[in-house]
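>>> Pasting the sequence and the predicted coordinates here, then a few questions.
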Amino acid sequence: MRYFLGHHHTHNPRSDQGVRDRQLPQESEMDLNDQSTVFDGADNNNPDFDRITISTTTSESETIGDLRRQGFVNRCPRFNAIRTMPLTSIVLSKGFFCFPSEASFMKYLDNKRKFNELETTSGLGIPLYHALPLGVVKTLFSRNAPDIKIYKYVLINTEKEKPPIDGTFISQNGSFVLYKYLFCAVYQNILDDYSRIETRMEFYKQHETDPSIEAVRMANYVQRRNTDAKLNGLNLRWYGTTGFASPFGSGNLKLFVLDDKMPSFVDQQTRKEYDEYSAKYNGRRLGQMPIWALYSDSSSTVIPKRRTLRLATLEIGELKNNDAAFSEGILDIPWETEAVACMCMVLHEYESRKDKRTGKFGAPPAIGMQF
């Protein structure tokens, strides 16, 4: 396992063999311009870029204190675990799912996609989220309608907890009841003379007494690649997303944690403001930033297994308490992991729409994904 800062080791998601540290490309104009494909420009300088796992290019001699003394402040935590989250769909069913781990997805298939026997210790064998895209037609008729709804599965001990607000009953095992409820509604707006795309993700409380959850914003531009976001005060960049006008979607994304003073589509809210700020910025480049998460559709399947198709895989860095077991079910998932997973599901949907629109060869099959 590699930490995000310092020297450490990780595994390749496509094999169980370790990989060497590789230098990430520096951000260039090609990284922002969507007239080229996702893997043009900077990526051509490094043929191994798309095989890089969760890692950093910070050298062994550089510590967080060293970077701060040099004027670089990056508040990315030093993760010590990686969670692998499969994205899947069911043939002839609407939407798609995100599972909390590979083990949970395998258990779900072994149970033949049924919830007759609930595993109540960690919630293994249950999807964490179910995303339902509402489609362009429905949102055209209602400007206030969300573009995507994400439902969350929760396992409730009725002897200690109340059901979620407006929760839908799924299954029961003694005092444990499985519900799903609306967790996130996604809205998209076009601003700045139809060039800026803002995505607002509004999260809903499970119980009335729970504290409110701050909305997450993402922003990108029609003719530019990459999508920026802000979570818990951290500026993030989903490297690899295509512009709104791109005819093709992307199947490989990397979530970078930006230095505090780096240019961001979220902080600089017009193209002019962003370009002027970028021209004056003399700090570290994108290739030197730590990676929080990786998304790839290289694991997608064409032939269903138990009517289930795998669409993609998301890997997320986490902080694991050495005294606590790593939860592979839907229980005890860190909030930050949930927020990143929801962002990834939204971007997966938007990138997949472009492939369906153009009939891109080799794209994940549209079967089971009805909009």
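Received, thanks.

>>> After the host helix or strand of residue 154, which helix or strand is next?
In this assignment (DSSP states H and E), residue 154 forms part of strand 148-157. Next helix or strand after strand 148-157 toward the C-terminus (DSSP H and E): strand 168-173.

>>> who's in contact with that following strand?
Residues from elsewhere that reach strand 168-173, judged by CB atoms under 8 Å, 6 or more residues apart in numbering: 115, 116, 117, 118, 120, 153, 177, 178, 179, 180, 181. Using the backbone N, CA and C atoms, a C-beta is placed for each residue, glycine as well.

>>> between the residues you listed, which is nearest residue 97?
residue 153 (9.2 Å; CB to CB).

>>> Measure how buried the nearest residue to the closest one once chain neighbours are set aside is and give me the count.
Leaving aside its chain neighbours, residue 153 sits nearest to residue 180 (4.8 Å; criterion: CB to CB, 6 or more residues apart in numbering). Using other CB atoms under 10 Å, residue 180 has 18 neighbouring residues.

>>> pretty sure residue 180 belongs to a strand, no?
Yes: Residue 180: assigned to a strand according to DSSP: H, G, I helix; E, B strand; the rest coil.

>>> Who is it paired with across the strands?
residue 153, residue 168 (DSSP bridges).

>>> That one and residue 149 touch, don't they?
No: using CB atoms under 8 Å, residue 180 is not in contact with residue 149; the gap is 11.1 Å.

>>> Strands along the stretch 101-250 of the chain, start to end?
Using DSSP state E, counting those that start in this stretch, the strands assigned to the stretch 101-250 of the chain run over residues 129-133, 148-157, 168-173, 176-191, 196-203, 216-221, 227-231, 234-239.

>>> for the longest one, the distance to its chain's centre please.
Chain-centre distance of strand 176-191: 15 Å, with CA atoms, centre = their mean, to the nearest Å.

>>> now the angle from that strand to strand 148-157?
160 degrees (axes from the mean of the first three to the mean of the last three CA atoms, to 10 degrees).

>>> how about the helices in the chain?
With DSSP state H as the criterion, the chain has helices at 29-32, 64-69, 102-110, 135-141, 271-280, 335-358.

>>> what's the distance between the last one and the middle of its chain?
Pointing back at helix 335-358 there. With CA atoms, centre = their mean as the basis, helix 335-358 stands 7 Å off its chain's centre.

>>> Just the angle for it relative to strand 129-133, thanks.
On the basis of the same axes, to 10 degrees, helix 335-358 is oriented at 40 degrees to strand 129-133.

>>> Dump helix 335-358 to PDB, restricted to CA.
As requested, the backbone C-alpha atoms of helix 335-358 are provided in PDB (Å, rounded to 0.1, in the frame of the first residue of the first chain):
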ATOM      1  CA  TRP A 335     -18.400  10.100   4.600                       C
ATOM      2  CA  GLU A 336     -15.600  11.200   2.300                       C
ATOM      3  CA  THR A 337     -15.700   7.800   0.500                       C
ATOM      4  CA  GLU A 338     -19.500   8.200   0.000                       C
ATOM      5  CA  ALA A 339     -19.100  11.700  -1.400                       C
ATOM      6  CA  VAL A 340     -16.300  10.600  -3.800                       C
ATOM      7  CA  ALA A 341     -18.300   7.600  -4.900                       C
ATOM      8  CA  CYS A 342     -21.400   9.700  -5.700                       C
ATOM      9  CA  MET A 343     -19.300  12.200  -7.700                       C
ATOM     10  CA  CYS A 344     -17.800   9.300  -9.600                       C
ATOM     11  CA  MET A 345     -21.300   7.800 -10.400                       C
ATOM     12  CA  VAL A 346     -22.400  11.200 -11.700                       C
ATOM     13  CA  LEU A 347     -19.400  11.500 -13.900                       C
ATOM     14  CA  HIS A 348     -19.700   7.900 -15.100                       C
ATOM     15  CA  GLU A 349     -23.300   8.700 -16.200                       C
ATOM     16  CA  TYR A 350     -22.300  11.900 -18.000                       C
ATOM     17  CA  GLU A 351     -19.400  10.300 -19.800                       C
ATOM     18  CA  SER A 352     -21.500   7.200 -20.700                       C
ATOM     19  CA  ARG A 353     -24.200   9.400 -22.200                       C
ATOM     20  CA  LYS A 354     -21.700  10.700 -24.800                       C
ATOM     21  CA  ASP A 355     -20.800   7.200 -25.800                       C
ATOM     22  CA  LYS A 356     -24.400   6.200 -26.200                       C
ATOM     23  CA  ARG A 357     -25.100   9.400 -28.200                       C
ATOM     24  CA  THR A 358     -22.400   8.600 -30.700                       C
END
